[in-house]
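S.K.: could you work out the structure for the sequence below:
(one chain, ligands or ions: 2)
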Amino acid sequence: MPELKCLLWDVDGTLADTERDGHRVAFNMAFEEAGLARRWDVTTYGELLSVTGGKERIKFDIERGDMPAMPYEEIARLHARKTIHYQALIAEGRIPLRAGVRRLLEEAYAAGVTLGISTTTTPAALDALIEHSLGAEWFDRFAVLAAGDIVPAKKPAPDIYLYALAELGIPAEATVALEDSGNGWRSAQAAGLRCVVTVNDYTRGQDFSGADLVVSELGEPEGETVELLKNPHGLQLHHVTLADIQALMAD
Ligand code: XBP
Ligand code: MG
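M.R.: Ligands and ions are numbered 1, 2, ... in the order given. The predicted structure is shown next:
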């Protein structure tokens, strides 16, 4: 069985539930500020999450006729304003980490497992979350921060995971991804990674057939037993530990 050497973490929806009360709200603030009538409600935003990347999401909404046409530079400007609003929301400390995230990160870091980030969001949004929700000391604890437009194709393409692995020089067989969405899981799978999925309200109904482990959350020792939505390896667990993730490498 290969030894677990690396955990690559998705950000939005995995480290924290940033989409509904973070990114979505920030998009709407930028739309309002730009004099646009469009607002993304919770349900609409859930549909739009099938398009990864904020600029790509705005472009999609324009192309389907729900926002006025604008040149790409204007989309990029609107998105840059959105990122500033998002950073301010995160700086208010209103988006906590998901259950078990800090615990598992600390366990892995203490065990010498290499940690990295593979995300679709922009570096500025990622930095804000690390600084305000995780703690600035984590900037140095992640061996790679792979984010946003650093690769040409966003998830579900494997590019961001392949980029992170290449930067680290660690093989896919020794790495497990942590994701929350169908697009994220497909991206990790296409890069040859095993993957633990922690679903949330936006992603619970998505297709994870073939995933190694799908749970409601990573969970805490003192909390309730996590819900096992897919468990092909037959793990017995109350919350997800490093040993459980190592056990996924068995076949
Ligand atoms: C999720 C995304 C992102 C965010 C918004 O990325 O698709 O686009 O919704 O971020 P992941 P930006 O789960 O891979 O972290 O507006 O900065 O793109
Ligand atoms: Mg995600």
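S.K.: can you report how many residues neighbour the residue in the stretch 1-150 of the chain that ligand 2 sits nearest to?
M.R.: When scored by CB to the ion, the stretch 1-150 of the chain has residue 13 as its residue closest to ligand 2, at 3.8 Å. (C-beta placed from N, C-alpha, C; glycine too.) Residue 13: 23 surrounding residues under other CB atoms under 10 Å.
S.K.: nearest spatial neighbour of it, skipping sequence neighbours?
M.R.: residue 180 (3.5 Å; CB to CB, 6 or more residues apart in numbering).
S.K.: name the SS class of residue 178, please.
M.R.: Following DSSP: H, G, I helix; E, B strand; the rest coil, the label given to residue 178 is strand.
S.K.: that one pairs with what?
M.R.: residue 9, residue 196 (DSSP bridges).
S.K.: any idea how far it lies from residue 124?
M.R.: As judged by CB to CB, to the nearest Å, residue 178 and residue 124 stand 22 Å apart.
S.K.: which residue ranges of the protein form helices?
M.R.: Remark: helices assigned in the chain by DSSP state H are 24-33, 42-48, 54-63, 72-91, 101-110, 123-129, 159-168, 182-190, 242-247.
S.K.: okay if I get those helices as CSV plus distance to residue 18?
M.R.: Shown next, in CSV, are the helices of the chain (distance: least, CB to CB, whole Å):
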stretch, distance to residue 18
helix 24-33, 9
helix 42-48, 12
helix 54-63, 12
helix 72-91, 8
helix 101-110, 12
helix 123-129, 7
helix 159-168, 17
helix 182-190, 13
helix 242-247, 23
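S.K.: out of those, which one sits most buried?
M.R.: Stretch with highest mean neighbour count among the helices of the chain: helix 182-190 (a mean of 24; mean count of other CB atoms under 10 Å).
S.K.: so how far is it off the chain centroid?
M.R.: 11 Å (CA atoms, centre = their mean, to the nearest Å).
S.K.: packing partners for that helix?
M.R.: Secondary structure elements in contact with helix 182-190, counted by 3 or more CB pairs under 8 Å, 6 or more residues apart in numbering; DSSP states H and E, are helix 159-168, strand 175-179, strand 194-198.
S.K.: residues touching the longest one, excluding its own?
M.R.: If I follow you right, that is helix 159-168. 6, 8, 114, 116-120, 143-144, 146-147, 150-154, 171-172, 175, 177, 187-188, 190-191, 193 (CB atoms under 8 Å, 6 or more residues apart in numbering).
S.K.: one more time with 6 Å
M.R.: 8, 116, 118, 143-144, 146, 151, 153, 172, 187-188, 191 (CB atoms under 6 Å, 6 or more residues apart in numbering).
S.K.: correct me, but residue 206 touches residue 182?
M.R.: Yes - at 3.7 Å, residue 206 and residue 182 qualify as touching, with contact defined as CB atoms under 6 Å.
S.K.: any idea how far residue 51 is from residue 182?
M.R.: 13 Å.
S.K.: same check, this time on residue 99
M.R.: 21 Å.
S.K.: and for residue 54?
M.R.: 18 Å.
S.K.: what's the answer for residue 38, then?
M.R.: From residue 38 to residue 182 the distance is 25 Å (CB to CB).
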